[in-house]
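In: build the 3D model from these lines:
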Amino acid sequence: MVVLNKIYTRTGDAGETALGNGDRVAKYSARVTAYGTVDELNATLGLARLHTAGTMDSQLAAIQNDLFDIGADLCRPEMEKDAEAEYPPLRLAPTQVDRLEAEIDEMNKALTPLRSFILPGGSPAAAHLHLCRTVARRAERLVVELSGAEDVNPAAVKFLNRLSDWFFVAARVCNDNGATDVLWVPGANR
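Out: From the prediction side, this is the model:
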């Protein structure tokens, strides 16, 4: 249970922050940078949701919750000590990755195959989803980098990898199922 009675604590004034297990680390540590970028992705997703409705918005709301799950997962190092924790740490589950894959497959059914790369843009929703896609890729790179040095839940890496694909397909859906995608024209301005 999270209780936030006081928003500022002054405990980070010297440039350190607490991880989920209580360890204090520099605010620029690889772990904090990774989950901070996941938080940034969640904020960009909040902007995208201003331009969506219905099923798409419901799916994006679920993804926002999943991103908080990833943040909780990443802020808790040493997965091998999960059994010793006072409260069971929240870890992203492979079923969350499976759900993304099923949604990608369903959305992709209505789309014609691409014969060109797409420029980010089109509708406001699609433009915002393309921004989410690029932030998701950056978050994924940072989490993969972290996993090279520290313990990271493999499901979190898979989720972020699949999520950027989800945003790409969803952007096409928001562009009239790809009909209004902005196509790249190689060398158009030579």
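In: any low-confidence regions in the chain?
Out: When the per-residue scores of the chain are filtered using pLDDT under 70, the ranges that remain are 1-2.
In: by residue count, which helix of this protein is the longest?
Out: Scanning the chain for the helix with the most residues, using DSSP state H, yields helix 124-147.
In: so which elements touch it?
Out: For helix 124-147, the elements it packs on are helix 30-48, helix 54-74, helix 154-174, judged by 3 or more C-beta pairs under 8 Å, 6 or more residues apart in numbering; DSSP states H and E. C-betas here are computed from N, CA, C, even on glycine.
In: same thing but at 6 Å, please
Out: Here helix 124-147 is seen to pack against helix 30-48, helix 154-174 when contacts are counted using 3 or more C-beta pairs under 6 Å, 6 or more residues apart in numbering; DSSP states H and E.
In: can I get those in a markdown table including distance to Ala93?
Out: Supplementary listing: these in a markdown table, determined by distance: least, C-beta to C-beta, whole Å:
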| stretch | distance to Ala93 |
| --- | --- |
| helix 30-48 | 16 |
| helix 154-174 | 6 |
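In: closest to Leu67 out of the ones you listed?
Out: Put simply, out of the helices and strands packed on helix 124-147 the one that sits nearest Leu67 is helix 30-48, at 4.4 Å, with distance taken as C-beta to C-beta.
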